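Q: pasted the sequence and its predicted model underneath.
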Amino acid sequence: MTSTPANDAVRKILAKALLAFPCIFGLVFIMHFRRLADFTHFRMQYVQIPPERTVASLIAAHNQWPMIHDPHVIAYLALPVFPLCAFALYLLGRNARPVASAIAMMITVTGTIYMGGLFGMWTAFYRGLGLVDPANLAGATATFTAMTTPQGAFLLTTTLAKLTMIGLGVQALTLVGTRVAPMWSIVCVVVGCLLFLLFWDLDNWMLIGTLLMAIGFWPMRGALLREST
């Protein structure tokens, strides 16, 4: 297939997206740590911070920091990188496994839509609580607790958002047995996705997952750039 300047430019953008995703989301997870001990404290299951403490701190802060300083906002604005990563992996796998690559890409893109809803909800929750009058602390706490309880619409959105990591992991698996990427890089991406799925909302585990995905994406990025030259 003949390469054109337009195709080359697209491949270069997709190659950058493969690294932009883990770098940006790694920053998002790091912003959740207030001290080093927060990173080194590994849990096997997510334990929610007491809602009354979260609500009280958000009301007291009263949105005094710029919106972009909120890690949820950064992740929310960076979500378009996910479909770019999905398309990049599809380009790498379509020659060997066209149907599987296309289906896996659609799973990733579908999950990204619901991931946007998830980050949008958290952004709205946090910024909205900053506008609450301290006199309404009890009511705000009860409302926040009800809205973030893992059930109903909140649980549905969270579950569907996980399709993003399932899709990326399957996309990496479509490259097994090809010359596109070494096996170790595929394993890094798959393990990184598994850490997201197994330890959802545990920032230190997910940070490790993004590091593994960055390592795994590096040779895949190189494969895209080689095809563009």
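A: Structure received.

Q: if we go by neighbour counts, what in the biggest helix by length in the chain is buried?
A: In the chain, taking DSSP state H as the definition, the longest helix is helix 98-129. Across helix 98-129, burial judged by 16 or more other CB atoms under 10 Å covers 101, 104-105, 107-112, 114-116, 118-119, 121-123, 125-126, 129. For the C-beta atoms, the positions are set from N, CA and C on the backbone; glycine is no exception.

Q: beyond it, next helix or strand please.
A: helix 137-148 (DSSP states H and E).

Q: I'd like the next helix or strand past that following helix.
A: Next along the chain after helix 137-148, taking DSSP H and E as the criterion, comes helix 152-161.

Q: elements contacting that next one?
A: With contacts taken as 3 or more CB pairs under 8 Å, 6 or more residues apart in numbering; DSSP states H and E, helix 152-161 sits against helix 98-129.

Q: so which elements touch the helix it packs on?
A: Other helices and strands packing on helix 98-129, by 3+ CB pairs under 8 Å, 6+ apart, are helix 51-61, helix 71-77, helix 81-93, helix 137-148, helix 152-161, helix 163-173.

Q: and the first one with helix 137-148, angle?
A: Which is helix 51-61. 120 degrees (axes from the mean of the first three to the mean of the last three CA atoms, to 10 degrees).

Q: state the mean pLDDT of helix 51-61.
A: Helix 51-61 shows a mean pLDDT of 90.

Q: now do that helix and helix 98-129, the angle between them.
A: 70 degrees.

Q: how about the CA coordinates for helix 51-61, as PDB?
A: Extracted as PDB, the C-alpha positions of helix 51-61 are listed here (Å, rounded to 0.1, in the frame of the first residue of the first chain):
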ATOM      1  CA  PRO A  51     -18.300  11.000  52.500                       C
ATOM      2  CA  GLU A  52     -18.700  13.500  55.400                       C
ATOM      3  CA  ARG A  53     -15.000  14.300  55.300                       C
ATOM      4  CA  THR A  54     -14.900  14.700  51.500                       C
ATOM      5  CA  VAL A  55     -18.000  16.900  51.500                       C
ATOM      6  CA  ALA A  56     -16.800  19.100  54.300                       C
ATOM      7  CA  SER A  57     -13.400  19.700  52.700                       C
ATOM      8  CA  LEU A  58     -15.000  20.500  49.300                       C
ATOM      9  CA  ILE A  59     -17.400  22.900  50.900                       C
ATOM     10  CA  ALA A  60     -14.700  24.600  52.900                       C
ATOM     11  CA  ALA A  61     -12.500  24.900  49.800                       C
END
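
Q: can you pull the buried residues of that helix?
A: In helix 51-61, counting by 16+ other CB under 10 Å, buried: 51, 54, 55, 56, 58, 59.

Q: how close does the second one get to residue 45?
A: Translated: residue 54. In this view, residue 54 and residue 45 are 19 Å apart by CB to CB, to the nearest Å.

Q: before we move on, what about the third one?
A: The gap separating residue 55 from residue 45 is 23 Å, by CB to CB.
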